[in-house]
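Asker: missing the sequence, but the structure's below:
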């Protein structure tokens, strides 16, 4: 199956602290520089799980942009969308505490300017799923691009999924505005973690999936829970990207129980390594 993801391609700087932060002092850490962005992560995991993936993103033609683009292609992801000359690649700093808790600091730069003129219907050719990262919906040009592609996905017979991405972003934009933008896509599947689900309110979409970390996930359809899957917690190193791995695994299956189990298996693999990529 071909999964097309819409969102950001960023440089992830993952800093895994070996001790608690010490103000005005040095703390040992493991630091990795890798491609990132929710849509990029999902696409990479789709390929690792045996599917095909196309990432639609606006990226910069700077040194960082060339490096992360080459790495995504090495992972098997097809890249689509404009390459902006003279702009700066976006960066996300993921600060991971010794207990696995993480804090993200995001600078989307070139990625944040994606708009409807940057996409076209042909980007959905052959797709079985269009997956929209919720960060894209927080910006009006991005929301318009997502709507255009969602309409194209229907014409191609593809499913549409949305990940709500960020409780803080929903609160800043406003619950009603975010709900309007998500509803306009008429999604078949909506993913949220517990904080995002609370910020967003009542479920929208045919299937509503809440990712609950070490407590697994719940899948709700038609107002009732149709699947629940626990997750193994042994060997947790870094939770960054686990939700993206889950979404990739889920989208490659059709039946909710099988989808939840495959998603949880991918998430369990993700948390045993540093960073969001497979």
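Answerer: Yep, that arrived. A quick note: this is a predicted structure, and the numbers were derived from the prediction, not measured.

Asker: Now do the strands in the stretch 101-250 of the chain.
Answerer: Counting by DSSP state E, counting those that start in this stretch, the segments of the stretch 101-250 of the chain that form strands are 102-107, 129-133, 159-163, 189-193, 207-211, 217-221, 224-229.

Asker: which of the ones you listed sits most buried?
Answerer: Mean neighbour count (mean count of other C-beta atoms under 10 Å) peaks for strand 129-133 among the strands of the stretch 101-250 of the chain, with a mean of 29. In short, each C-beta sits where N, CA and C put it, glycine included.

Asker: elements contacting it?
Answerer: Where contact means 3 or more C-beta pairs under 8 Å, 6 or more residues apart in numbering; DSSP states H and E, strand 129-133 is packed against strand 2-6, helix 38-48, helix 140-156, strand 159-163, helix 242-251.

Asker: among the ones you listed, which is nearest residue 172?
Answerer: Closest to residue 172 of the helices and strands packed on strand 129-133 is helix 140-156 (C-beta to C-beta; 13.6 Å).

Asker: contacting residues around the closest one?
Answerer: The list of residues contacting helix 140-156 from outside it, by C-beta atoms under 8 Å, 6 or more residues apart in numbering, reads 4, 6, 56, 112-116, 118-119, 121, 123-127, 130, 132, 135-137, 159-160, 181, 184-187.

Asker: about what we covered before: with mean pLDDT as added columns, please give the helices and strands packed on strand 129-133 in CSV.
Answerer: Supplementary listing: the helices and strands packed on strand 129-133 in CSV, determined by pLDDT from 0 to 100:
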stretch, mean pLDDT
strand 2-6, 98
helix 38-48, 96
helix 140-156, 96
strand 159-163, 98
helix 242-251, 93
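
Asker: Make TSV out of those and add distance to residue 15.
Answerer: Output for these, formatted as TSV (distance: least, C-beta to C-beta, whole Å):
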stretch	distance to residue 15
strand 2-6	25
helix 38-48	17
helix 140-156	27
strand 159-163	24
helix 242-251	17
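
Asker: For residue 12, the count of nearby residues, please.
Answerer: Neighbourhood size, residue 12 [other C-beta atoms under 10 Å]: 24.

Asker: center of the protein, which residue is that?
Answerer: residue 38 (2.7 Å; C-alpha atoms, centre = their mean).

Asker: I'd say residue 205 and residue 188 touch.
Answerer: Yes - checked against C-beta atoms under 8 Å, the pair residue 205 and residue 188 is within contact range at 6.4 Å.

Asker: Compare neighbour counts for the two and give me the winner.
Answerer: Neighbours were counted for residue 205 and for residue 188 using other C-beta under 10 Å; residue 205 has more, 20 against 17.

Asker: any idea how far residue 134 is from the more buried one?
Answerer: Distance check for residue 205 against residue 134: by C-beta to C-beta, to the nearest Å, it reads 12 Å.

Asker: shared neighbours of these two, anything?
Answerer: By C-beta under 8 Å, 6+ apart, residue 205 and residue 134 have these common neighbours: 162, 182.

Asker: ok so, going back, need the contact list for the residue nearest to the centre of the chain.
Answerer: For residue 38, counting by C-beta under 8 Å, 6+ apart, the contacting residues are 7, 8, 133, 134, 135, 163, 165, 244.

Asker: contacting residues for the second one?
Answerer: So the one you mean is residue 8. Taking C-beta under 8 Å, 6+ apart as the definition of contact, the neighbours of residue 8 are 36-40, 57, 90, 108, 111-112, 133, 135-136.

Asker: how about a cut-off of 10 Å?
Answerer: 36-41, 55, 57-59, 89-90, 92, 106, 108-112, 114, 133, 135-136, 142 (C-beta atoms under 10 Å, 6 or more residues apart in numbering).

Asker: per-residue confidence at it?
Answerer: According to the model's per-residue confidence, residue 8 sits at a pLDDT of 92.
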